[in-house]
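Peer 1: just coords:
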């Protein structure tokens, strides 16, 4: 029997971000460091009859900076975000896709909901004008895999191409699965992350009816408040976060800059409930433990955790329990923050922008804050980096993502040496 090939080291060489606090990586990171709040009253549709009227909208986004107008018109907003952030990340990585290397460069993008705006718009057309007026582009604009497919079309990447649809864990699943493809030699490089654009009338009505969203409509800036005693639900955001990850040898051979190394991936399911996490955090505990083991990381080595931290009662308490169970006494020495306090919850896109934040936290040795943490929940008693970012040495960091259906993902990154 032949010995298995050794696993390749995998590094992050490019970043892209379209977010409620900035439409470039530089703007996004500076916004995180400054504690910038991206939550405002919704402007994309009339919220008069809606219970929830605040969200993290992407402002001043122009897809024509990345794709021709004709092509942009044939994309739902979620795909526009995903393609644009991917092109950003490729430019940042200075990675040129050519006919020679295209088969070794793939795309793996996650989304929780996909083309919801197109679905709503076309339903209205059918209702008012009849089925014959439905757009021939409705299906390809709506389906969730199209962000990954269009990214390949617009970049030329011909390697593995797929889409994860695991609710709020989708972006992190995409990065983890892409990591495995590069680690095991099925690709030399991957464009990976998450994208979402579910700030629509139907999206808001659905989540509001589930009693999951904040109703702090008179005070948008303080609506997203993870780990705070007065939190009353999550705030929906939109956007995309993308990583370029590469085989280390491939990156070194082309002289790429390296942000960090990705070393661990844990993926589990609660098998408990459609929307609620297992109260004991069992699934999250296993995901974190598996990711640390995968990266050969002991609990005392972890410096920072970008928490899922949704600002819902059940999630924040459960995640806190899980962190304490996995890290033991060291949990109280780790900086833990929820950047959703600034961006809102991007659903399937959250794992993407939060992986970008985690990588930059390592690169810049700064832990972003959890803003609006004014009255800590007694059951949430860790160091959540309240209200102000913190310069600190960060060698190892984790990013957590948990989704409806019981999906749990943890990614572990470390400083490249």
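Peer 2: Thanks, I have it. This is a predicted model, so every value here is computed, not measured.

Peer 1: Could you pull out the strands in this protein for me?
Peer 2: 10-18, 40-41, 54-55, 105-110, 161-164, 189-196, 239-247, 260-269, 304-306, 335-337, 366-367, 390-391, 396-403, 407-414 (DSSP state E).

Peer 1: can you tell me the average pLDDT over the fourth one?
Peer 2: So the one you mean is strand 105-110. For strand 105-110, the mean pLDDT works out to 98.

Peer 1: Include mean neighbour count and distance to residue 71 when you put the strands of the chain into CSV, please.
Peer 2: All C-beta spots, glycine's among them, are computed from the backbone N, C-alpha and C. Shown next, in CSV, are the strands of the chain (neighbours: other CB atoms under 10 Å; distance: least, CB to CB, whole Å):
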stretch, mean neighbour count, distance to residue 71
strand 10-18, 28, 17
strand 40-41, 14, 29
strand 54-55, 28, 27
strand 105-110, 31, 16
strand 161-164, 22, 18
strand 189-196, 35, 16
strand 239-247, 31, 17
strand 260-269, 23, 31
strand 304-306, 29, 33
strand 335-337, 27, 37
strand 366-367, 24, 37
strand 390-391, 14, 42
strand 396-403, 28, 30
strand 407-414, 29, 31
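
Peer 1: which stretch among those strands comes nearest residue 125?
Peer 2: strand 189-196 (23.4 Å; CB to CB).

Peer 1: what is the orientation angle of that closest one with strand 10-18?
Peer 2: Strand 189-196 and strand 10-18 meet at an angle of 30 degrees, taking axes from the mean of the first three to the mean of the last three CA atoms, to 10 degrees as the criterion.

Peer 1: tell me what strand 189-196 is packed against?
Peer 2: Strand 189-196 sits against helix 77-93, strand 105-110, helix 146-155, helix 170-183, strand 239-247, helix 350-364, with contacts defined as 3 or more CB pairs under 8 Å, 6 or more residues apart in numbering; DSSP states H and E.

Peer 1: Helices of the stretch 201-350 of the chain, start to end?
Peer 2: 201-209, 248-253, 282-294, 313-327, 340-343, 350-364 (DSSP state H, counting those that start in this stretch).

Peer 1: Please identify the most buried of those helices.
Peer 2: helix 340-343 (a mean of 30; mean count of other CB atoms under 10 Å).

Peer 1: Retrieve the pLDDT associated with the residue sitting nearest the centre point of the chain.
Peer 2: Geometric centre of the chain, nearest residue: residue 351, 2.1 Å, by CA atoms, centre = their mean. Per-residue confidence (pLDDT) for residue 351: 98.

Peer 1: Quick check: it vs residue 138, distance?
Peer 2: Applying CB to CB, to the nearest Å, the value for residue 351 to residue 138 is 28 Å.

Peer 1: what's the answer for residue 93, then?
Peer 2: From residue 93 over to residue 138 (counting by CB to CB), the distance is 34 Å.

Peer 1: Between the two, point out the one with more neighbours.
Peer 2: Neighbours per residue, other CB atoms under 10 Å: of residue 93 and residue 138, the larger number sits with residue 93, 25 against 18.

Peer 1: contacting residues for the more buried one?
Peer 2: Applying CB atoms under 8 Å, 6 or more residues apart in numbering to residue 93 gives the contacts 13-14, 244, 246, 256-257.

Peer 1: will you turn these into JSON lines that also has pLDDT and distance to residue 271?
Peer 2: Output for these, formatted as JSON lines (pLDDT from 0 to 100; distance: CB to CB, whole Å):
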{"residue": "13", "pLDDT": "98", "distance to residue 271": "36"}
{"residue": "14", "pLDDT": "98", "distance to residue 271": "36"}
{"residue": "244", "pLDDT": "98", "distance to residue 271": "34"}
{"residue": "246", "pLDDT": "98", "distance to residue 271": "35"}
{"residue": "256", "pLDDT": "98", "distance to residue 271": "40"}
{"residue": "257", "pLDDT": "97", "distance to residue 271": "41"}
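
Peer 1: Just the closest of these to residue 21, please.
Peer 2: Nearest to residue 21 among these, with distances taken as CB to CB, is residue 14, at 20.1 Å.

Peer 1: Residue 62: neighbouring residues, count only.
Peer 2: Neighbourhood size, residue 62 [other CB under 10 Å]: 10.

Peer 1: measure it to residue 106 for me?
Peer 2: In terms of CB to CB, residue 62 sits 27 Å off from residue 106.

Peer 1: quick one on the thing from earlier: right, and the strands of the chain - which one's nearest residue 48?
Peer 2: Across those, closest to residue 48 is strand 40-41 (CB to CB), at 11.6 Å.

Peer 1: which other helices and strands contact the closest one?
Peer 2: Applying 3+ CB pairs under 8 Å, 6+ apart, one finds that strand 40-41 contacts strand 54-55.

Peer 1: pLDDT of the strand it packs on, averaged?
Peer 2: Rounded to a whole number, the mean pLDDT of strand 54-55 is 98.

Peer 1: Equivalent analysis for stretch 284-297, please.
Peer 2: The model assigns stretch 284-297 a mean pLDDT of 98.
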